[in-house]
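**Q** only geometry, no sequence info:
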Ligand SMILES: Nc1ncnc2c1ncn2[C@@H]1O[C@H](COP(=O)(O)OP(=O)(O)O)[C@@H](O)[C@H]1O
Ligand SMILES: O=C(CO)[C@H](O)[C@H](O)COP(=O)(O)O
């Protein structure tokens, strides 16, 4: 019987499940929303039980659509956002919230409550920080753990397990406490190279010697490569919840963007181009955006996370640039425009979602995706609503918009939307230039994530970076990356490398267009730099004034 592999992806806003065959063909997908609590002070929380339930609902729905027997599933893999899950010694949720609500036991990656703790950690200038671009981010787990210890001591002390969300999911699935090299290297300051492991000195210097004293029992003592078969596969309970059979192999997981990278960058190139992963960037654009590059030797790029050994593709180094708000910035720009209600109603009446509706109108009006950027001639956006992840590693950066007028119609909203995309593209170009300045060079960028489906996004990214932008052949590279973990765990392929070659391929390409658009973007980028100066200057001017 042909085997199928399931990938489960937990993004910021929803869970998705995809069923694939051995060649990487998508047979079915399903999605389920997840709960999220936003509060003042950059607090963003979720519930691990709600997330698990949403995974189960998505897997059942995808299996029903694929109409295949549970017995034909040869393996399952999970990926997730890099959020922190806190459980007690019995494995029950422990609150991370000032509300005391036990359900709220996940500090979401985008939660910036731990900015002060990140600063304290950075002040140590510990050698470990070289492997996160020279500066730790409040989006990583050590600042969040230190925050818990300093502000919610009862939960910190009572905790039996601290998990990255992706590792929590495999624990729920199999009972295994093994962590993935991907999560701990990229988010927990674990050094996967030269037998580095956990650094006792680092923990002592940052005020988390608790982990050293307890021999890392709560944060992970066994670290394994993504795709490693965990425990005895799906437990009976997990199998019943997911509607699958007990014992199905489960692979150690990946962070969501990294699953997208695995699902995107190693694919066969039908046009005969090279398939050297070192020549390919992955740009995974969802709520946030991640810019992933692999190298054979470590490259230290200031302000860019990494280099991480085996952080994504096994045995390669990873540099991970990022934009904390990408799709989230676009969503926010649109929601805050006065034309939002009118545009949403018009989109609904055409059976489209708002972004698709706007894009169709924009491309029709401009004549091409490339020329659409001209609509944003007079409006400019630095879309860094929740800080700059790379290359400035400045979580205090905030958004700036220049050129606003009193227009409230849909056309004005379209101009703001295009300006937001240009702002994201210039941020991406800055990261790619920082890569290149430190020896990380690529000629092609492969896109994944929700926004990659947009021809407008892909063309603006190609025109501003000068790179060919390709789509993977599959429309679900993140899910495919997760399913590849199941395929490796299930023994269909010997390694992630082999899986990438066998299960994935490149698809449609967008080439950078005529020089006239390049000149336009060069000029507009100068304005973008001015906006950055305005952000920095205004923060500096107010720095010594107390908050109201
Ligand atoms: N054409 C587009 N341009 C910009 N952003 C888009 C576009 N299409 C979708 N998005 C954004 O992508 C995000 C959803 O992507 P997805 O990968 O599903 O998110 P996540 O995995 O973070 O939950 C939303 O913020 C959405 O607004
Ligand atoms: O930090 C990350 C990867 O290292 C991601 O930005 C984070 O996991 C959120 O992902 P998404 O925007 O796809 O929901």
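**A** Noted; the coordinates are in hand. No experiment lies behind these values; they were computed from the predicted model shown. Ligands and ions are numbered 1, 2, ... in the order given.

**Q** so where's this protein uncertain?
**A** Segments of the chain classed as low confidence (criterion: pLDDT under 70) are 1-2, 271-274, 514.

**Q** Quick one: name the residues of it near ligand 1.
**A** Those residues of the chain that sit near ligand 1, judged by Cβ under 6 Å from any ligand atom, are 11-14, 286-287, 327-328, 330-331, 355, 359, 449-451, 454, 457. To be clear about C-beta, it is placed using only N, CA and C from the backbone, and glycine gets the same treatment.

**Q** how many other residues sit next to the closest residue to residue 230 other than its chain neighbours?
**A** Setting aside the residues directly before and after it, residue 230 is nearest to residue 176 in space (Cβ to Cβ, 6 or more residues apart in numbering), at 4.0 Å. Neighbour count for residue 176, taken as other Cβ atoms under 10 Å: 20.

**Q** do the one 4 residues further on as well
**A** For residue 180, the number of neighbouring residues by other Cβ under 10 Å comes to 31.

**Q** Next: residue 42.
**A** Here the count is done by other Cβ under 10 Å, and residue 42 has 16 residues near it.

**Q** now residue 300
**A** Around residue 300 there are 14 residues (other Cβ under 10 Å).

**Q** do residue 115 as well
**A** Burial measure for residue 115: 16 neighbouring residues, criterion other Cβ under 10 Å.

**Q** I figured it hits residue 395, correct?
**A** Yes - under the criterion of Cβ atoms under 8 Å, residue 115 makes contact with residue 395 at 5.6 Å.

**Q** Could you name every residue contacting both of the two?
**A** When contacts are counted by Cβ atoms under 8 Å, 6 or more residues apart in numbering, residue 115 and residue 395 have residue 138 as shared neighbours.

**Q** buried sites along the helix or strand hosting residue 424?
**A** Taking DSSP states H and E as the definition, one finds residue 424 inside helix 410-437. For helix 410-437, the neighbour count (16 or more other Cβ atoms under 10 Å) marks 410, 412-432, 434-435 as buried.

**Q** is any part of the host helix or strand of residue 86 close to ligand 2?
**A** If you go by DSSP H and E, residue 86 is part of strand 84-88. No - with Cβ under 6 Å from any ligand atom as the measure, strand 84-88 is seen stopping short of ligand 2, the closest distance being 11.5 Å.

**Q** helices or strands up against that strand?
**A** The helices and strands touching strand 84-88, judged by 3 or more Cβ pairs under 8 Å, 6 or more residues apart in numbering; DSSP states H and E, are strand 106-107, helix 141-151, strand 159-164, helix 165-174.

**Q** want to throw the ones you listed into a markdown table with mean neighbour count and distance to ligand 2?
**A** Shown next, in a markdown table, are the helices and strands packed on strand 84-88 (neighbours: other Cβ atoms under 10 Å; distance: least, Cβ to the nearest ligand atom, whole Å):
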| stretch | mean neighbour count | distance to ligand 2 |
| --- | --- | --- |
| strand 106-107 | 29 | 12 |
| helix 141-151 | 22 | 11 |
| strand 159-164 | 22 | 9 |
| helix 165-174 | 27 | 8 |
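
**Q** so which of the ones you listed gets nearest residue 370?
**A** helix 165-174 (37.2 Å; Cβ to Cβ).

**Q** Which strands and helices lie in contact with that closest one?
**A** When contacts are defined as 3+ Cβ pairs under 8 Å, 6+ apart, helix 165-174 sits against strand 4-10, helix 48-66, strand 73-80, strand 84-88, strand 179-180, helix 181-187, helix 236-242, strand 250-255.
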